[in-house]
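Peer 1: With the sequence up front, the predicted model follows.
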Amino acid sequence: MKIIKVEPFILHVPITPPITDAINAATHWGLAGVRIFTDEGITGYGYTGTCAQGDDLITKTIEQYYAPILLGRDPFMVKELWDDMRFGKMHWIGRAGVTHMALAAVDIALWDIMAKAAGKPLWQYLGGHKSKKIKAYNTNGGWLNWSKERLLRDVGEIVEQGFTGVKIKVGKPDPHEDYDRVKAVRRLIGDQVIFMIDVNQQWNINTAMTWGKRLEEFDLFWLEEPLNPDDILGHKKLADALNVPIALGEHVYTKYAFRDYIHQGAVEYVQVDVTRVGGITEWLQVAGLAASYELPICPHVGDMGQIHQHLVASTSNAIMLEYIPWIRHIFVEPATVQDGHYMLPQMPGASTEIIPSCFEQYRIG
């Protein structure tokens with residue numbers, strides 16, 4: 001099998017209604033991705049997730065620097081191709097961020113090809129660990145721009161739908177408002193529902209020490225991204241001082257950075273995102289590293305769960321998966337949750353193939 005064509009693409013899918021957290025505001029979810037065509041008629045789809053900003057930088061990296069490496073090559077040589085792209089012409093100017101997100105999109109498409117060629121869903125092709133379903137927790141009712149009244153209404157509906165885990169955003173200018181919202185949600189959902197909060201990097205170390213301690217009374221499952229994601233020492237201080245476990249990883253781009261976080265004891269729930277690290281190839285390495293430290297994997301869903309459902313289902317230390325349903329309607333086999341659990345995909349591939357009409361409707365580049 002040989003790669004005969006590499007076609008980058010950009011899709012912008014509307015988010016209804018628009019959302020904000022402590023650092024981002026989004027009206028659309030961006031898919032900066034690639035279709036890789038082979039001489040045996042199998043096409044692989046891969047993409048990374050964005051807030052619909054900077055997508056052109058990702059696709060230009062694929063078109064100008066990665067596509068020439070791929071053409072004429074065997075997609076089953078995925079690890080060799082990964083090294084050739086990672087240490088190619090873009091290595092000098094970018095070992096993370098845009099270049100790694102572009103690498104992720106390509107790598108995902110290659111794994112999609114291989115699983116399709118084997119006639120297996122990716123979770124089976126990788127070696128299955130969970131054969132029936134995956135526990136889901138829901139983030140889609142806890143946005144920072146929601147009023148307190150809407151926050152409580154949406155979280156209540158999520159629990160009624162069968163979810164046994166919910167996450168809300170914090171990071172208001174006045175932490176007293178965060179405290180009030182967290183208190184109200186815990187009172188609403190009771191003691192049996194898993195409850196997480198996400199700061200989206202907005203606290204400094206003093207705020208995190210103070211309010212992390214105060215919020216411990218609400219039996220939080222984790223405290224997510226309290227500080228700048230490059231501040232390993234700060235997160236270690238928090239992990240040592242707080243009884244609430246620290247979760248992070250959506251803005252950690254390489255296995256080396258995860259290694260340092262894990263070795264320092266600065267993270268307790270590893271949220272490695274396949275669309276931010278260099279795709280499935282590097283995601284598997286981070287998951288194995290975390291397993292050697294007996295740390296659980298709970299991915300951030302920059303892919304909205306399409307790929308991660310396969311990775312969680314094939315990884316022993318992956319315990320559950322975030323659920324945000326913004327773009328599921330565009331896929332041939334959309335990620336599906338019933339009674340608070342992902343149902344495992346059955347079609348061959350990585351669940352990344354996009355319905356042709358949706359591809360054309362949302363394509364902007």
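Peer 2: It's in. Numbering: from 1, shown residues only.

Peer 1: tell me what the lengthiest helix in the chain is packed against?
Peer 2: Counting by DSSP state H, the longest helix found in the chain is helix 98-118. The contact analysis (3 or more CB pairs under 8 Å, 6 or more residues apart in numbering; DSSP states H and E) places helix 98-118 against strand 25-38, strand 43-50, helix 55-61, helix 78-86, helix 122-125, helix 280-292. (Glycine included, C-beta is placed from N, CA and C.)

Peer 1: Just the buried residues of it, please?
Peer 2: 98-117 (16 or more other CB atoms under 10 Å).

Peer 1: S131 and Y65, how far apart?
Peer 2: Remark: distance between S131 and Y65 (CB to CB, to the nearest Å) = 40 Å.

Peer 1: Between those two, point out the one with more neighbours.
Peer 2: Neighbour count, other CB atoms under 10 Å: between S131 and Y65, Y65 has more, with 17 against 9.

Peer 1: helix, strand or coil for that one?
Peer 2: helix (DSSP: H, G, I helix; E, B strand; the rest coil).

Peer 1: ok, it touching K89?
Peer 2: Yes: in this structure, Y65 is within contact of K89 by CB atoms under 8 Å, at 5.4 Å.

Peer 1: just the strands in this protein please.
Peer 2: Taking DSSP state E, the strands of the chain run over residues 3-20, 25-38, 43-50, 133-138, 165-169, 194-198, 222-224, 246-248, 269-270, 321-323, 337-338, 341-343.

Peer 1: Now do the third one: everything it contacts.
Peer 2: Right, the one you point to is strand 43-50. When contacts are defined by CB atoms under 8 Å, 6 or more residues apart in numbering, strand 43-50 is touched by residues 11, 29-38, 58, 75, 101-102, 104-113, 116, 275-276, 279, 301-304, 349-350, 352-354.

Peer 1: and that strand with helix 98-118, angle?
Peer 2: Per axes from the mean of the first three to the mean of the last three CA atoms, to 10 degrees, the angle that strand 43-50 makes with helix 98-118 is 150 degrees.

Peer 1: Neighbouring strands - and their directions - for strand 43-50?
Peer 2: strand 25-38 (antiparallel) (DSSP bridges).

Peer 1: Which positions within the partner strand qualify as buried?
Peer 2: In strand 25-38, counting by 16+ other CB under 10 Å, buried: A26, H28, W29, G30, L31, A32, G33, V34, R35, I36, F37, T38.

Peer 1: Quick check: beta-bridge partners of the fourth one?
Peer 2: Same thing as G30. Assigned bridge partners for G30, using DSSP bridges, are H12, T50.

Peer 1: That one: what's it in contact with?
Peer 2: Listed by CB under 8 Å, 6+ apart, the contact partners of G30 are I10, L11, H12, V13, G49, T50, C51, A52, Q53, D55.

Peer 1: which among the residues you listed end up buried?
Peer 2: I10, L11, H12, V13, G49, T50, C51, A52, D55.

Peer 1: mind checking how far the fourth one is from A287?
Peer 2: When CB to CB is the yardstick, V13 and A287 sit 28 Å from each other.

Peer 1: Then the fifth one?
Peer 2: Distance, G49 to A287, using CB to CB: 19 Å.

Peer 1: Which parts of the protein belong to which domain?
Peer 2: 3-119+356-362, 123-343 (automatic domain parsing).

Peer 1: For burial, what's the neighbour tally of T315?
Peer 2: The burial count for T315: 25, using other CB under 10 Å.

Peer 1: mind checking pLDDT for it?
Peer 2: pLDDT recorded at T315 is 98.
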